[in-house]
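Chemist: return a 3D structure for these sequence lines:
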Amino acid sequence: MRRPVQEQQEEAPVVRARKKPAAAAPQRLQKVLAVSGLGSRRDMEELIASGRVTVNGEPAQLGQTVGADDVVRIDKRVVKLQTEPQMPRVLLYHKLEGEIVSQDDPEKRASVFEKLPHIRGAKWVSIGRLDINTCGLMIFTTSGELANHFMHPRYEVEREYAVRVMGELTDEQLEQMTEGVELDDGIASFDAIQDRGGEGSNHWYQVILREGRKREVRRLFEAQGLMVSRLMRVRFGPVTLPPRLKRGQLLTLQDKEVRALLEWAGLPVPRSSQQQRPMTAREKEQVGKPFTPRASRIAMAAAAQEPKERKVRKAGWAKAKPKASFNPATKQQRRSDRNRGRG
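Modeler: Sure thing, here's the model as predicted:
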């Protein structure tokens, strides 16, 4: 026996409309461009001031806010905006002397950007610069916000250098370099300086400072009458140069290492493609302390490496003894195994 139509309608399931996710609140244009991986916030401010950015067909203004429905163009090309931060990529590079940190050079000199892998939809941002005669640690990222935290003067992030000079500082000069030295662009000083030993033209010092003025380390030593013969950056903020990262090599940081950098900078940690476990108490204590990334994931730079210097055996050096386990027949057998696909 069929039930009345009215009763069937009363028992029909109720279909509720799915709520649309709330639109993200408008944010400042320079911040959104930096979050989208187009450069540091300072770079984006300069780009907006130059008149190359438009919002909905009108010239953009510094401090202007944009939302998801706004159309932003750079040089008439539409930009895909990301209002929510994504897990950025971070690379370490051991810079060689003779390389410049610039993508536009009229002289066509070797650039560090030629060593970086190509990425789509984002841009590598150099965290700080090193002059052409300085080597050592460089950090690249796709996060303009992270780069801004490293570089902006208000955060006073430490830079540590190993310096080789021709000569030796007196105790009075060491004290003066920490108290302040008058340079062309104002007073400058080291937060710390340590004598690392050496003689004559091969004397080393370890210095720490919290700003990145042009050639500041070299000029501070030159003000004391000493010429710098070699300058290497060994630490920037919490990141130290891995000892096994050779000159001209790249190192990609793991998600957990990038996550630690975001925590240190006070930036939101986005969810990566894989579910991340919460940080342990010990890991939280380590945030902000210097750490050395693991160098087992080193990727060789694409450019040809410098030829290795030939070692000359000096008198008194012990000659290496042949290994007792060496067996030519065994070596040949292993080679044949590799040819068969077993190695």
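
Chemist: remind me which residues of the stretch 51-200 of the chain are low pLDDT?
Modeler: Scanning the stretch 51-200 of the chain for pLDDT under 70 picks out the ranges 83-85.

Chemist: and the helices in it?
Modeler: Secondary structure of the stretch 51-200 of the chain (DSSP state H, counting those that start in this stretch): helices at 144-151, 171-179.

Chemist: tell me how many other residues surround the closest residue to residue 37 other than its chain neighbours.
Modeler: In space, and not counting its chain neighbours, residue 37 is closest to residue 122: 3.5 Å by CB to CB, 6 or more residues apart in numbering. Bear in mind the C-beta positions are built from the backbone N, C-alpha and C, glycine included. Taking other CB atoms under 10 Å as the criterion, the count of residues near residue 122 is 18.

Chemist: just residue 44 next, same as before
Modeler: Residue 44 - counted by other CB under 10 Å - has 26 other residues nearby.

Chemist: how is this protein divided into domains?
Modeler: Split into domains by automatic domain parsing, the chain comes to 27-78, 90-240.

Chemist: now do the end-to-end distance for the last one.
Modeler: Distance between the two ends of domain 90-240: 14 Å, counting by CA to CA, to the nearest Å.

Chemist: just to revisit the earlier point, do you know how far the residue nearest to residue 37 is from residue 70?
Modeler: Separation of residue 122 from residue 70 (CB to CB, to the nearest Å): 20 Å.

Chemist: how about residue 91, nearest residue that isn't a chain neighbour?
Modeler: In space, and not counting its chain neighbours, residue 91 is closest to residue 140: 4.4 Å by CB to CB, 6+ apart.

Chemist: so who does the one you found touch?
Modeler: For residue 140, the contacting residues are 90, 91, 92, 93, 116, 124, 125, 126, 127, by CB atoms under 8 Å, 6 or more residues apart in numbering.

Chemist: I'd like to know the beta-bridge partner residues of it.
Modeler: Beta-bridge partners for residue 140, by DSSP bridges, are residue 91, residue 126.

Chemist: how much space separates it from residue 92?
Modeler: From residue 140 to residue 92 the distance is 8 Å (CB to CB).

Chemist: returning to that earlier point: want to throw the contacts of residue 140 into TSV with distance to residue 168?
Modeler: Listed next are the contacts of residue 140 as TSV, based on distance: CB to CB, whole Å:
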residue	distance to residue 168
90	38
91	37
92	32
93	32
116	39
124	40
125	39
126	34
127	33
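
Chemist: could you report the neighbour count for residue 157?
Modeler: For residue 157, the neighbour count with other CB under 10 Å is 20.
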